[in-house]
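> Sharing a sequence plus its predicted fold:
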Amino acid sequence: MQKGALSGKNIVIVGASSGLGKALAEQLSEQGPNLYLLSRNIESSDLSFEAHKINCDVKDAESVGRAFQGVDSLTDKIDVLVNCVGIGLVKGLEHTTQEEINNVIDTDLKGVIYTSQEAYKRMVEKKNGHIINVSSTSGLKARPDETIYCAAKWGLRGFTESLRLAGVPNKVRVTGIYPGGMQTNFWKGNEPKNLEAFMQPADIAEQIVNVIKAPVSISPAEVVIERGV
Ligand SMILES: NC(=O)c1ccc[n+]([C@@H]2O[C@H](COP(=O)([O-])OP(=O)(O)OC[C@H]3O[C@@H](n4cnc5c(N)ncnc54)[C@H](OP(=O)(O)O)[C@@H]3O)[C@@H](O)[C@H]2O)c1
């Protein structure tokens, strides 16, 4: 069995088939936890390390329920849930369809609520756990061409901060991560001109690893990561 600082920990990552979630899973795999990786296409994704892959569409609460039952069949305790799942939408509201609105709200807000709820129930029972939700600087700032994405990510901030307070007496920690632009598939088909100046997902993943490894005596509430020089 692999040894490491996170040996024996059970870590669920939602949205682990690419970008930030995949980079995080890769880095964590070097520290020995049991990894449970969820996304719609995770079973067909190529991983260079050992992990349990569980297909899950967060837009569908039943699919989320089944995925967590899948985790239950492998372990009786979830130590950490990281929600890296999310889709973007950069579009004027006047050109946005109802389907696009639902897609973003159902994935970035409701989807994260569903997975958080499944993990939270289990963590409250054990009086142990840490939920880490990846929002965005668009969850803190208003952006005129991202009305729907901002609505989802601002909503996610309210959910995350409220759950953090609810978690305190239950010994469940909750952290919101607010990164700026990263070079990932998120921008596929709608690439910003300065994409090459955006951050590397591996650098953000490193900061999340630090949050996961933070001693239980501290609770990082919000981590905002802007682009450096
Ligand atoms: N890239 C940026 O500039 C940026 C900046 C700030 C914040 N963020 C946030 O960072 C997080 C990670 O994004 P990323 O940049 O790493 O993008 P990414 O490479 O596109 O990764 C998104 C992940 O979400 C999964 N996913 C999408 N819809 C899903 C669904 N319905 N059910 C389950 N999984 C689903 C995808 O996997 P499948 O396709 O296999 O389902 C993929 O693993 C997101 O929350 C995003 O909002 C991104």
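Happy to help now that I have it.

> going forward, measure contacts between C-alpha atoms and count neighbours the same way
OK.

> tell me which strands and helices the one helix or strand N103 maps to is in contact with?
If you go by DSSP states H and E, N103 is part of helix 98-104. Under the contact criterion of 3 or more CA pairs under 8 Å, 6 or more residues apart in numbering; DSSP states H and E, helix 98-104 touches helix 147-167.

> any idea how far the helix it packs on is from the chain center?
Centroid displacement of helix 147-167 relative to its chain, using CA atoms, centre = their mean, to the nearest Å, is 13 Å.

> Next, see if it gets close to the ligand.
No: figure legend: helix 147-167 not in contact with the ligand (CA under 6 Å from any ligand atom); closest approach 7.7 Å.

> Show the subsequent helix or strand relative to the lengthiest strand in the chain.
Criterion DSSP state E: the longest strand present in the chain is strand 172-179. The C-terminal neighbour of strand 172-179 among helices and strands, as given by DSSP H and E, is helix 201-212.

> got the buried residues for that next one?
201-202, 204-206, 208, 211-212 (16 or more other CA atoms under 10 Å).

> With stretch 113-127 instead?
Quick answer for stretch 113-127 (16+ other CA under 10 Å): 113-120, 122-123, 126.

> Return the list of helices and strands in contact with the strand or helix carrying A23.
Using DSSP H and E, A23 maps to helix 19-29. Applying 3+ CA pairs under 8 Å, 6+ apart, one finds that helix 19-29 makes contact with strand 10-14, strand 34-39, helix 201-212.

> try it again with 6 Å
helix 201-212 (3 or more CA pairs under 6 Å, 6 or more residues apart in numbering; DSSP states H and E).

> and the helix it packs on with helix 19-29, angle?
60 degrees (axes from the mean of the first three to the mean of the last three CA atoms, to 10 degrees).

> what mean pLDDT does stretch 172-186 have?
Average pLDDT, stretch 172-186: 98.

> ends of that stretch, how far apart?
Start-to-end span of stretch 172-186 (CA to CA, to the nearest Å) is 30 Å.

> count of residues packed around the closest residue to E226 other than its chain neighbours?
Closest residue to E226 apart from its sequence neighbours, by CA to CA, 6 or more residues apart in numbering: G180 at 5.2 Å. Neighbours of G180 under the rule other CA atoms under 10 Å: 16.
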